[in-house]
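Participant: with the sequence up front, the predicted model follows.
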Amino acid sequence: MVEIRDVPQSEVERMVDLAGMVFHVRIDDYERDSWKLRRSERIGAYDGDDLAGQLAVLPMRLAVPGAFLDCSAVSFVGVLPTHRRKGILTALMDRMLADAVAAGRPVAALWASEGAIYGRYGFGLATRAIGLEADTSRPLGLRTAADERPLRLVDVASAPGVLDPIHIRALSARPGGLVRDPEWWTRSILRPVDVEAAGFTDPRVVVHPAGYAVYRSSGNQTIRLVDLVAETPQVEAALWRYLASIDLTSRVHAPSRPVDDLLPHMATDPDQVTVKENYGALWLRLIDVPAALHARTWATEDTFVLEIEDTRIPANSGRWRLTTGATPACDPTTDPPDLALAAADLAATYLGGATPATLTRIGAITEHTPGAAARLTAAMAVPLAPYINDEF
Ligand SMILES: CC(=O)SCCNC(=O)CCNC(=O)[C@H](O)C(C)(C)COP(=O)(O)OP(=O)(O)OC[C@H]1O[C@@H](n2cnc3c(N)ncnc32)[C@H](O)[C@@H]1OP(=O)(O)O
């Protein structure tokens, strides 16, 4: 009989070991320090005294259109191979959802190891990202005039204080990212060790008055972009011009950029910039549907009746009258619905990534009032595609 209960601080190392087992990785000393687990709410599935499954929740703030919301950032999910497919993940998820409701967090989010797992728990794929490669063996011409204010290199120790105000402004302009505190900056974005960047230097940080880039370099002529924020296209051009012209390098690899990244359009020779990959990033779960719909900003004034099905948080199920625009409202109603949709599909559209129009075309959303999906798509539209560069 498996029991779901909190994992005390004294057992964090057991969670690290379980993560090593299920993710097939050797845990080095740096990872064993497990800073994320220390700051998490930790849920364990115990078979007697043995830890058979686990889930960690990082309390974070997520940027959504026009607002920041408390978010249960779910991580370290794993069940021992001896205990798989007996419902342990489902029990851990139900406990996590109940905790998030009790804590009053309107949303939860995660990065999925496999896309097939989390829809059943009400998560929808809310952001995607692309990986880019720029050939910089010859000068990278840009169609956008660079903002000529000077760039400066800053050391990693002082970087969080310099980068954070720029990053917060970027989150207000583009939804999907997490608010970072100094530990998050230091241990995540600016961490010295990165198993995915073996052979690369420690992070280098270049700052513009209205943007920055964090990157690593290597002896094999490659720059690996870690994080880039620019408040205008002209600042973006200045940062790319810098990255593309560093001596003794011939390639910039940017494994995570927004799907509407400007560089492929900015390059005078589009063949010099290649989109290498396009992948699912953040899975979002609306814990409190009316609170979440009330909190975000909307692009048009309109009214909809949404019939929502939520099998795991029944309080979200039913018909809601959603008023979008300057004074949003979301209240229960018995009026006939314009659109019927599952909580997971509403979550997929919430940040402005997937659109109700597309989900209606594929048959995931049912349109009872002709044109309602197009109208809701217009109301949900955001100027910049949602994007997150924080894996957790
Ligand atoms: C946010 C993150 O941390 S992502 C990381 C997730 N962890 C991993 O991928 C590590 C390796 N895998 C594991 O540890 C486990 O197999 C888990 C956590 C994915 C699943 O745990 P289990 O306890 O076996 O899941 P559980 O028995 O509760 O299954 C629930 C449902 O999900 C389905 N499911 C579970 N794993 C998968 C999968 N990998 N692919 C597709 N469906 C899956 C089950 O079939 C079941 O479906 P049903 O409700 O229709 O019967």
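Facilitator: That came through fine.
Participant: mind checking how far Asp33 is from Arg191?
Facilitator: Per C-beta to C-beta, to the nearest Å, Asp33 is found 11 Å from Arg191. Placement of C-beta: from N, CA and C, glycine included.
Participant: what about stretch 255-268, start to end distance?
Facilitator: 21 Å (C-alpha to C-alpha, to the nearest Å).
Participant: which positions in that stretch come out as buried?
Facilitator: Using 16 or more other C-beta atoms under 10 Å as the test for burial, stretch 255-268 gives 255-258, 261-264, 266-267.
Participant: what's the mean pLDDT across that stretch?
Facilitator: On average, the pLDDT along stretch 255-268 is 98.
Participant: please begin residue numbering at 26 from this point
Facilitator: Got it, first residue is 26 now, which makes that one stretch 280-293.
Participant: for the buried residues of stretch 280-293, give me a markdown table that also has distance to Met40.
Facilitator: Below are the buried residues of stretch 280-293 laid out as a markdown table (distance: C-beta to C-beta, whole Å):
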| residue | distance to Met40 |
| --- | --- |
| Pro280 | 27 |
| Ser281 | 26 |
| Arg282 | 32 |
| Pro283 | 32 |
| Asp286 | 36 |
| Leu287 | 40 |
| Leu288 | 39 |
| Pro289 | 41 |
| Met291 | 44 |
| Ala292 | 45 |
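Participant: neighbours around the closest residue to Ser275 other than its chain neighbours, how many?
Facilitator: Excluding the flanking residues, the one nearest Ser275 by C-beta to C-beta, 6 or more residues apart in numbering is Ser162, at 3.9 Å. By other C-beta atoms under 10 Å, 11 other residues sit near Ser162.
Participant: quick one, phi psi at Ser162?
Facilitator: phi -70, psi -20 (degrees, to the nearest 10).
Participant: helices or strands up against the lengthiest strand in the chain?
Facilitator: Scanning the chain for the strand with the most residues, using DSSP state E, yields strand 75-89. On a contact count with 3 or more C-beta pairs under 8 Å, 6 or more residues apart in numbering; DSSP states H and E, strand 75-89 meets helix 37-48, helix 60-63, strand 66-72, strand 92-104, helix 113-128, strand 132-136.
Participant: would you mind giving the secondary structure of whichever residue of the stretch 276-417 of the chain sits closest to the ligand?
Facilitator: Among all residues of the stretch 276-417 of the chain, Trp308 sits closest to the ligand, at 7.9 Å; criterion: C-beta to the nearest ligand atom. Trp308 falls in the strand class when you classify it by DSSP: H, G, I helix; E, B strand; the rest coil.
Participant: show me what contacts it?
Facilitator: Residues near Trp308 by C-beta atoms under 8 Å, 6 or more residues apart in numbering: 134-137, 143, 148-151, 372.
Participant: filter these by proximity to the ligand?
Facilitator: 135-137 (C-beta under 6 Å from any ligand atom).
Participant: got those as TSV, with pLDDT and neighbour count columns?
Facilitator: Listed next are the ones next to the ligand among the contacts of Trp308 as TSV, based on pLDDT from 0 to 100; neighbours: other C-beta atoms under 10 Å:
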residue	pLDDT	neighbour count
Leu135	98	22
Trp136	98	16
Ala137	98	17
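Participant: that older thread, roughly how far apart are the residue nearest to Ser275 and Pro339?
Facilitator: Using C-beta to C-beta, Ser162 is found at 58 Å from Pro339.
Participant: ditto for Asp313
Facilitator: 13 Å.
Participant: looking at the two, which is more packed in?
Facilitator: Between Asp313 and Pro339, Asp313 has the larger neighbour count (other C-beta under 10 Å), namely 19 against 9.
Participant: give me phi/psi at the residue nearest to that one when sequence neighbours are not counted?
Facilitator: Excluding its sequence neighbours, the residue lying closest to Asp313 (C-beta to C-beta, 6+ apart) is Pro131, at 4.5 Å. Backbone torsions of Pro131, given as degrees, to the nearest 10, read phi -70, psi -20.
Participant: list the contacts for Pro131?
Facilitator: By C-beta under 8 Å, 6+ apart, the residues touching Pro131 are 94-96, 311-313, 316-317, 320.
Participant: if you set the cut-off to 7 Å instead, what comes out?
Facilitator: 94-95, 312-313, 316-317, 320 (C-beta atoms under 7 Å, 6 or more residues apart in numbering).
Participant: with Leu122 instead?
Facilitator: Applying C-beta under 7 Å, 6+ apart, we find Leu122 in contact with 312, 337-338.
Participant: what pLDDT is listed against it?
Facilitator: Reading off the model, Leu122 has pLDDT 98.
Participant: please tell me how far it sits from Ala137.
Facilitator: 16 Å.
Participant: so in this protein, where's the weakest helix or strand by average pLDDT?
Facilitator: helix 54-57 (a mean of 74; mean pLDDT, DSSP states H and E).
Participant: got a list of contacts for it?
Facilitator: Contacts of helix 54-57 (C-beta under 7 Å, 6+ apart): 41, 218.
Participant: got the CA coordinates for that helix in CSV?
Facilitator: The C-alpha trace of helix 54-57 is given here as CSV (Å, rounded to 0.1, in the frame of the first residue of the first chain):
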residue,chain,number,x,y,z
ASP,A,54,28.4,16.7,-6.7
TYR,A,55,26.9,19.9,-8.2
GLU,A,56,23.5,18.3,-8.8
ARG,A,57,23.6,16.5,-5.4
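Participant: if we can go back for a sec, drop anything exposed from the contacts of Pro131.
Facilitator: Judged by 16+ other C-beta under 10 Å, buried ones among those: 94-95, 312-313, 317, 320.
Participant: where does this protein dip in pLDDT?
Facilitator: For the chain, the stretches with pLDDT under 70 are 55.
Participant: how is it partitioned into domains?
Facilitator: Following automatic domain parsing, one finds the domains of the chain at 27-130, 154-305, 313-405.
Participant: list the buried ones in the least confident helix or strand of the chain?
Facilitator: For helix 54-57, the neighbour count (16+ other C-beta under 10 Å) marks Glu56 as buried.
Participant: identify the bridge partners of Asp252.
Facilitator: Beta-bridge partners for Asp252, by DSSP bridges, are Val239.
Participant: list the contacts for it?
Facilitator: By C-beta under 7 Å, 6+ apart, Asp252 lies in contact with 214, 239, 414.
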